[in-house]
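A.B. asks: Just a sequence and a predicted model for now, questions to come.
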Amino acid sequence: MSKKSPKLDVADIADVPLREVSGLAIQGSRLLAVGDRDPVVFAAELGPWPLQWHGIDLAALDLPEGGSQFEAIESTGEHTVLVLQEQPARVLHLELNGPSVIGMSELVVPEGHPLREAWLGDRSSRGESLLALPDGRLLVIKEKDPPAILEFGPIGEPSLEVVRTWWLGEDTVAALPDISDVTRGPDGRLYVLSDQGSAIGRLPATLPADTDSVDVEAVWRIAGKPAKAEGLVILADGTPLVALDTKSPRKNLLRLEPLPPAG
């Protein structure tokens, strides 16, 4: 990894009608967004900007305590999603047509795990992003103190326990001091977003099976160093969309220039 990472310019800026956007996901031909404050999922068909958003209000659902603290969203089907909550640490499985709650699972870091004390003691140091794996397992990103990639699963059980943990290597932490989102790109690779680093990093498509350490293969700085970069998706042509966690529902979605293909 070079000392001076290449820069991605901002091609366009748009609005997501949410305060404190915390997560993005692609579901077929539409973009989904969630935020920390309100129990709502916003959706927009991907196409010419500005995007036309409509809200899916979840306030009428029998959400558990803390149900508005949405940290991340992941599509699992044509109309179903997983939503990550930080406090309490759990995953909600939702049907957006209706809408309705399909199920929920608590995320458990067991006794003896080096992250258990931080996970239980600091609500801002739990799950920040999630990615569904093909076999039903989940990757959950712990944002900071320290950042880590946790594998839980499989989804569908009332309680999901950590089964694998990957720590970021020193070079990666230097470039990406925290991880605020993870997504899978059209090339099958994993990409992570750093708020503090104002950067995107590319991980291997498959996390290593023979070690608990992982490093990014490439890093790109986001031009202008936008504050509070919290949500990331990558479109089919390699274009990253980055959502910003701001107090205003305006100018909080960036469209960057396309990423170069993996070598």
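C.D. replies: In hand now; what should we look at? Residues are numbered from 1 along each chain as shown.

A.B. asks: Tell me the backbone dihedrals of residue 75, please.
C.D. replies: Phi and psi for residue 75, reported as degrees, to the nearest 10, are phi -80, psi 140.

A.B. asks: how far away is it from residue 57?
C.D. replies: 19 Å (Cβ to Cβ, to the nearest Å). To be clear about C-beta, it is placed using only N, CA and C from the backbone, and glycine gets the same treatment.

A.B. asks: for residue 112, same thing?
C.D. replies: Distance from residue 112 to residue 57, counting by Cβ to Cβ: 42 Å.

A.B. asks: returning to that earlier point: so for residue 75 and residue 57, which residue has more residues nearby?
C.D. replies: Higher neighbour count among residue 75 and residue 57: residue 75, with 17 against 11, using other Cβ atoms under 10 Å.

A.B. asks: Beta-bridge partners for that one, please?
C.D. replies: Note on residue 75: beta-bridge partners by DSSP bridges are residue 81.

A.B. asks: hang on, isn't residue 245 packed against residue 228?
C.D. replies: Yes: assessed by Cβ atoms under 8 Å, residue 245 is found in contact with residue 228 at 3.9 Å.

A.B. asks: Look at these two and report which has more neighbours.
C.D. replies: residue 245 (20 against 17).

A.B. asks: Which residues are in contact with residue 77?
C.D. replies: Going by Cβ atoms under 8 Å, 6 or more residues apart in numbering, residue 77 touches no other residue.

A.B. asks: Where does the prediction get shaky in the stretch 1-150 of the chain?
C.D. replies: 1-3, 64-68, 124 (pLDDT under 70).

A.B. asks: Quick check: phi and psi at residue 175.
C.D. replies: Residue torsions, per degrees, to the nearest 10, at residue 175 are phi -90, psi -30.

A.B. asks: Neighbours of it, how many?
C.D. replies: Neighbours of residue 175 (other Cβ under 10 Å): 21.

A.B. asks: re the thing from before, need the overlap of contacts for residue 245 and residue 228.
C.D. replies: Common neighbours of residue 245 and residue 228 (Cβ under 8 Å, 6+ apart) are residue 195.

A.B. asks: Distance from stretch 79-98 to the middle of the chain?
C.D. replies: Relative to its chain's centre, stretch 79-98 lies at 13 Å (Cα atoms, centre = their mean, to the nearest Å).

A.B. asks: Quick check: the residue of the chain positioned farthest from its centre vs residue 165, distance?
C.D. replies: The outermost residue of the chain relative to its centre, with distances by Cα atoms, centre = their mean, is residue 112 at 26.6 Å. For residue 112, the distance to residue 165 (Cβ to Cβ) stands at 12 Å.

A.B. asks: What segments of the protein are helices?
C.D. replies: Under the criterion DSSP state H, the chain carries helices at the ranges 116-121, 170-175.

A.B. asks: Would you convert the ones you listed into a markdown table that also reports distance to residue 10?
C.D. replies: Listed next are the helices of the chain as a markdown table, based on distance: least, Cβ to Cβ, whole Å:
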| stretch | distance to residue 10 |
| --- | --- |
| helix 116-121 | 34 |
| helix 170-175 | 19 |
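
A.B. asks: wait, which of those helices is closest to residue 150?
C.D. replies: helix 116-121 (9.1 Å; Cβ to Cβ).

A.B. asks: what does the closest one rub up against?
C.D. replies: 89, 109-110, 113, 125-126, 142, 145.

A.B. asks: rerun at 7 Å
C.D. replies: Applying Cβ atoms under 7 Å, 6 or more residues apart in numbering, the external contacts of helix 116-121 come out as 109-110, 125-126, 145.

A.B. asks: which among these end up buried?
C.D. replies: 109, 125-126 (16 or more other Cβ atoms under 10 Å).

A.B. asks: What number of residues are in the vicinity of residue 150?
C.D. replies: So residue 150, with other Cβ under 10 Å, has 24 neighbours.

A.B. asks: Would you mind confirming that it is in contact with residue 143?
C.D. replies: No: using Cβ atoms under 7 Å, residue 150 is not in contact with residue 143, being 11.4 Å away.
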